[in-house]
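Trainee: Turn this into a model:
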Amino acid sequence: MLTLTIPGREPLTLDHLVCDINGTLAEDGFLIDGAAGRLAQLAETLTIHLLTADTYGTLPTIVEQIRQAAISVDATSPQVRRVETGEDKARYVSELTPPAVVAIGNEANDEAMFQRVALSIGVIGREGACMRTLLAAQIIVTSPLDALDLLLSPKRLIATLRA
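Mentor: Predicted coordinates for the structure are as follows:
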């Protein structure tokens, strides 16, 4: 659990991190260097959920990289789900406790998920980002590592979100 007390806002208590994979944590189907280790660190405080349509067909390799990183720090491996549409992602986060979810993504199919969660972080990476999704995000970053680092260094989140 990650609890954030943000001046001028209601406190956030986050239990789940939901991440898009392709275009967000992976580029051209390959996990971005440093993402697995950061996810493993975050798994100590949040339940990690990875959602993907697996456009590149590399999901088994990505999952194995992340699981190996989790094993190395004795953290829980992420939950992984294949999804086809934005409604699939929105339905998935709705099955969790949406006020306790932070989501990271960049694709058009992340917009509906962003509209349901407590905290949404849009990533403008090398593959770009969908404008509608960015408008639905509460925070925008230019790297998925920066998005994960916000959660690893919560004072950065507080500084960005304070009213």
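Trainee: name the helices or strands packed onto the helix-or-strand element of the chain with minimal mean pLDDT?
Mentor: Lowest on mean pLDDT, DSSP states H and E among the helices and strands of the chain sits helix 59-72, with a mean of 87. The elements that helix 59-72 packs onto, with contact taken as 3 or more C-beta pairs under 8 Å, 6 or more residues apart in numbering; DSSP states H and E, are strand 30-31, helix 35-42, strand 47-52, strand 79-82. The way it works is simple: take the backbone N, C-alpha and C, and place the C-beta from them, glycine included.
Trainee: out of those, nearest to Met1?
Mentor: Closest of the helices and strands packed on helix 59-72 to Met1 is strand 47-52, at 9.6 Å (criterion: C-beta to C-beta).
Trainee: what's the nearest residue to Gln138 if we skip its chain neighbours?
Mentor: Ser120 (5.2 Å; C-beta to C-beta, 6 or more residues apart in numbering).
Trainee: what's the average pLDDT for the helix or strand encompassing the one you found?
Mentor: Element membership of Ser120 [criterion: DSSP states H and E] is strand 119-123. The average pLDDT within strand 119-123 is 97.
Trainee: Would you mind identifying the next helix or strand past it?
Mentor: By DSSP H and E, the next helix or strand past strand 119-123 is helix 131-136.
Trainee: And that following helix, what's buried?
Mentor: Thr133, Leu134, Ala136 (16 or more other C-beta atoms under 10 Å).
Trainee: From the chain's centroid, how far away is that helix?
Mentor: How far helix 131-136 lies from its chain's middle: 15 Å, per C-alpha atoms, centre = their mean, to the nearest Å.
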